[in-house]
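Undergrad: curious how this folds, go ahead:
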Amino acid sequence: MTISKCTLSVFLLLSLGAVAQQAADRTSSAPVPAEVAATSQPSNSGPTAMTSSAPAPQPELATTAPTTMDDVVNRTILREHALMDFLKARTPLVETYLQDLTADPQLGDVPKADHYFLGRMDLGEAIDRRDYLSKNKSLETNLLGGFNKMFRVQYQPMGFSWMIFADHSSFDRNHYAFKYVRREFLGEVRCLVFDVTPKKDSGKGRFVGRIWVEDHDYNIVRLNGTYEPRPRKSTYFFHMDSWRLNLIPNYWVPTYIYSEEGDFSYGAKTAIAFKAQTRIWGYNLKNEQKEDELTQVRVDSVKDDSASVQDASPLEAQRDWQQQAEDNVVARLQQSGLLAPESDVDKVLQTVVNNLLVTNNIDLPRPVRTRMMLTSPLETFSVGNTIVVSRGLVDVLPDESSLAMVLCHELAHIVLGHNLGSKFAFSDRMIFSDEATYRNLGFKHSPEEETAADTKAIEMLKNSPYGQKMDTASLFLKQLSQRAPTLGALLSTRLGNSFVDERGNLIRFTALLNSGPALDPKKLDQIAALPLGGRVKLNPWTDQVELTKSAPVAITSARDKMPLEVTPFFPHLSHLNGADSTTGTTAAANNTAPQ
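TA: So this is what the prediction gives:
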């Protein structure tokens, strides 16, 4: 059956997002459990109901351990409804990066095109998705044919919520059968595993698959499966693997979703082939800002009577003005959920920048700072003396010398005085909605300034400790150049200058691109770029980032390299407070669950 590109893309997003939609077409509705009612927020409160003085609601946890699988299933259903009720007050960000796949005889399934989506979602009763990306961007226009119209007309009631919940409207025994499979550890968390299937005549678009339930409070920590039956012939439900993390007491918060379709085995016919990562963060962003309002130190009056006190000189005033603009932008980016709070990762980036400054005897009137964007597209920019690097770029850079290369380009803009704009020192220019951030902020440079920054950066790199280690950086640029024509979304920058031009040709550090060793996928010890998600770990509740410390894994073929590619999620799960399993779990697991 032939399906138009436009319609297919819409239903592809149906499975890849993470928005909790209202259940307008429920086939039936189970009564709200007493535990859920005890922890619910007011129905008319919306995302701003939780005041700064109100703590996060704590669910009523049963004090007796279940002894049968019936008890476990009942407890799991209660906890799932409690989670859905708790998240009604949250408006996290959701980012989906998708790569269409094609078969390569040497490298296996490789990207042939990609797509990127970023927005904020309201997990309340009524769906409210607000996109950060401009509606007139070519990607959304070409892919969706007008996103807003198709969203309202063609999405089904449960929609995106199917990716973070098994069933947002009817997760109960009336609609589903639960079959105990086994016990299994996910990281440090011991789980009970159940197969979940929809009952006859339970309605369309019901979850079918497997759930992992931690055996301390009986929360679902992982969902794996799809949905059936299809509401209509033109609808596709894709397979997904959804993970949650225990970031706050008693709740496991939806964090990662991996989706994949396509069969590249011999003789298989694949109509749709893709792999996609969805990340969710910013759960506590808006609530945390309100809580900080009354806890910040406030000084009503300060008087300095020292003889040295005087007005700033004209030059000092100019630098203070530029600093104010820089601080305004950094604060606004963090407020919108795009910039991570200060962390130890910034210190790592700062160390590399300091190495470049010291070895080149550069003394700037204002200190250089480094910060990390939370988004996947490969992007760097600088505002004033603050250098910003995206999480996705840090993820895929193969080593420290490659990191030094991308940081040095932005440092060169600072040294050459290219970042003198100060229009954002006016506070009114910071007043806009979060989803309008990309339309109101931008720090691009002219082609002439970009060329000058590259030249200056190469000069500084030669004088630095990284000067003799540029072969890996050159390989990274070669890999980027090779994949650029098929990874336009990953290389589409929103605030700074891109690595490539509109035709996919690399335009940054072309001198380094033409030096160093040749790119050879057959050389297993030649790692030009890493897969996405391999280096930076994001806490979706606090938005803090940290560098992962994964043990090296032996590469046995060229297919193991996966440069710049999407891979599945397998987080190491652990309890927030180190809680141990309840004593009744073994008894429950040894009983047969009635169907």
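Undergrad: just the helices in the stretch 351-500 of the chain please.
TA: Ranges of helices within the stretch 351-500 of the chain are 391-396, 400-415, 437-440, 447-462, 470-483, based on DSSP state H, counting those that start in this stretch.
Undergrad: ok, which of these comes nearest residue 169?
TA: helix 437-440 (32.7 Å; CB to CB). All C-beta atoms are positioned from the backbone trio N, CA, C, and that covers glycine.
Undergrad: so which residues make contact with that closest one?
TA: Helix 437-440 is contacted from outside by 132-134, 332-333, 336, 338, 429, 432, 494-495, using CB atoms under 8 Å, 6 or more residues apart in numbering.
Undergrad: how far does it sit from its chain's centre?
TA: Offset of helix 437-440 from its chain centre (CA atoms, centre = their mean, to the nearest Å): 19 Å.
Undergrad: tabulate the CA atom coordinates of it in CSV.
TA: Output in CSV follows, covering the C-alpha atoms of helix 437-440 (Å, rounded to 0.1, in the frame of the first residue of the first chain):
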residue,chain,number,x,y,z
THR,A,437,14.0,31.3,22.1
TYR,A,438,15.4,30.4,18.7
ARG,A,439,13.5,33.2,17.0
ASN,A,440,14.7,35.8,19.4
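Undergrad: related to what we said a few turns ago, quick one: which of the contacts of helix 437-440 sit in strands?
TA: Residues of these located in strands (DSSP state E): none.
Undergrad: ok, of those, which come out buried?
TA: Taking 16 or more other CB atoms under 10 Å as the criterion, what is buried in the contacts of helix 437-440 is 132-133, 332-333, 336, 338, 494-495.
Undergrad: what's the farthest-apart pair in those?
TA: Farthest pair in the buried ones among the contacts of helix 437-440 (CB to CB) is 133 and 332. Separation: 17.6 Å.
Undergrad: circling back to that earlier point, tell me which of the contacts of helix 437-440 is nearest to residue 190?
TA: When the contacts of helix 437-440 are compared against residue 190 (criterion: CB to CB), the nearest one is residue 338, at 36.9 Å.
Undergrad: average model confidence for stretch 538-555?
TA: Mean pLDDT, stretch 538-555: 90.
Undergrad: list the buried residues for the longest strand anywhere in the chain?
TA: When the chain is scanned for its longest strand (criterion: DSSP E), the result is strand 108-122. Across strand 108-122, burial judged by 16+ other CB under 10 Å covers 109-122.
Undergrad: out of the contacts of helix 437-440, which one sits closest to residue 226?
TA: Once CB to CB is applied, the member of those that ends up nearest residue 226 is residue 133, at 27.3 Å.
Undergrad: from residue 496, how far off is that closest one?
TA: Between residue 133 and residue 496 the distance is 16 Å, computed by CB to CB, to the nearest Å.
Undergrad: ok, residue 368 next?
TA: Separation of residue 368 from residue 496 (CB to CB): 16 Å.
Undergrad: ok, back up a step: Serialize the buried ones among the contacts of helix 437-440 to a markdown table and add fields for pLDDT.
TA: Below are these laid out as a markdown table (pLDDT from 0 to 100):
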| residue | pLDDT |
| --- | --- |
| 132 | 84 |
| 133 | 82 |
| 332 | 96 |
| 333 | 96 |
| 336 | 94 |
| 338 | 96 |
| 494 | 92 |
| 495 | 94 |
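Undergrad: and the top helix by length along the chain, what's buried?
TA: Counting by DSSP state H, the longest helix found in the chain is helix 314-335. Within helix 314-335, the residues scored as buried using 16+ other CB under 10 Å are 319, 322-330, 332-334.
Undergrad: and it, C-alpha only, in PDB?
TA: Provided in PDB are the C-alpha atoms of helix 314-335 (Å, rounded to 0.1, in the frame of the first residue of the first chain):
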ATOM      1  CA  PRO A 314      34.000  54.800  29.900                       C
ATOM      2  CA  LEU A 315      35.900  51.600  29.000                       C
ATOM      3  CA  GLU A 316      34.900  49.900  32.200                       C
ATOM      4  CA  ALA A 317      31.300  50.900  31.600                       C
ATOM      5  CA  GLN A 318      31.400  49.400  28.100                       C
ATOM      6  CA  ARG A 319      32.800  46.100  29.400                       C
ATOM      7  CA  ASP A 320      30.200  46.000  32.200                       C
ATOM      8  CA  TRP A 321      27.500  46.600  29.600                       C
ATOM      9  CA  GLN A 322      28.800  43.700  27.500                       C
ATOM     10  CA  GLN A 323      28.900  41.500  30.600                       C
ATOM     11  CA  GLN A 324      25.300  42.300  31.400                       C
ATOM     12  CA  ALA A 325      24.200  41.300  27.900                       C
ATOM     13  CA  GLU A 326      26.200  38.000  28.200                       C
ATOM     14  CA  ASP A 327      24.700  37.200  31.600                       C
ATOM     15  CA  ASN A 328      21.200  38.000  30.400                       C
ATOM     16  CA  VAL A 329      21.500  35.500  27.500                       C
ATOM     17  CA  VAL A 330      23.100  32.700  29.600                       C
ATOM     18  CA  ALA A 331      20.300  33.100  32.200                       C
ATOM     19  CA  ARG A 332      17.600  33.100  29.600                       C
ATOM     20  CA  LEU A 333      18.900  30.000  27.800                       C
ATOM     21  CA  GLN A 334      19.000  28.200  31.100                       C
ATOM     22  CA  GLN A 335      15.500  29.400  32.000                       C
END
